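J.: give me the fold of what follows.
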Amino acid sequence: MNRNLWVLAAMFIFVAFAGAAWAEGTGTKAADGSVWFFGLTILGAGIAMGLGTVGTGAGMGNTVGKALEAMARQPEMIGTIQTNMFIGLAFIESLAIYALAVAMILLYANPFKGLFIAG
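T.: Now for the predicted structure:
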């Protein structure tokens, strides 16, 4: 676990400072920044979707597990518990949809593209 944490920290540092390492290059703005910009944009969209789905998956699993425990304890309340569980699952799933929306905005309608790409 400790080694994985170090690898994750090193990857974060590399991604965070990769642009600064290549910032003093010669040539046009588009030739220097576009490859790094789009590469890091794809990486950011992937991380957004990965973290968004991992969190919502864990939340959904916990919700369904607790609802099943409640249904087993009180069988007469199954309808109410099930309705509340589905409402909660819809709210949890909306967080994954927000992560998807952020990833799609980063990939297709990036508001920061004008800062890195000339023209």
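J.: for the helix of greatest length in the chain, packing partners?
T.: Assignment by DSSP state H gives helix 29-73 as the longest helix of the chain. Using 3 or more C-beta pairs under 8 Å, 6 or more residues apart in numbering; DSSP states H and E, the elements in contact with helix 29-73 are helix 2-21, helix 78-108, helix 113-116. Any C-beta I mention is one placed from the backbone N, CA and C, and that applies to glycine too.
J.: want to throw those helices into CSV with distance to G46?
T.: Below are those laid out as CSV (distance: least, C-beta to C-beta, whole Å):
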stretch, distance to G46
helix 2-21, 11
helix 78-108, 8
helix 113-116, 18
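J.: tabulate those helices (a markdown table), appending mean pLDDT.
T.: Formatted as a markdown table, the helices and strands packed on helix 29-73 follow (pLDDT from 0 to 100):
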| stretch | mean pLDDT |
| --- | --- |
| helix 2-21 | 71 |
| helix 78-108 | 93 |
| helix 113-116 | 76 |
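J.: which one, of the ones you listed, ends up nearest to V35?
T.: helix 113-116 (9.9 Å; C-beta to C-beta).
J.: which parts of the closest one are buried?
T.: F116 (16 or more other C-beta atoms under 10 Å).
J.: thought A48 was touching M104?
T.: No. Judged on C-beta atoms under 8 Å, A48 makes no contact with M104 at a distance of 9.8 Å.
J.: between those two, point out the one with more neighbours.
T.: A48 (19 against 13; other C-beta atoms under 10 Å).
J.: residues contacting that one?
T.: 99, 102-103, 106 (C-beta atoms under 8 Å, 6 or more residues apart in numbering).
J.: burial measure for T83, as a count.
T.: Residues near T83, counting by other C-beta under 10 Å: 10.
J.: do you know how far it is from F12?
T.: 42 Å (C-beta to C-beta, to the nearest Å).
J.: returning to what we had before: same list (the contacts of A48) but as JSON lines, adding distance to V35 and neighbour count.
T.: Below are those laid out as JSON lines (distance: C-beta to C-beta, whole Å; neighbours: other C-beta atoms under 10 Å):
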{"residue": "A99", "distance to V35": "25", "neighbour count": "21"}
{"residue": "V102", "distance to V35": "22", "neighbour count": "15"}
{"residue": "A103", "distance to V35": "20", "neighbour count": "20"}
{"residue": "L106", "distance to V35": "16", "neighbour count": "20"}
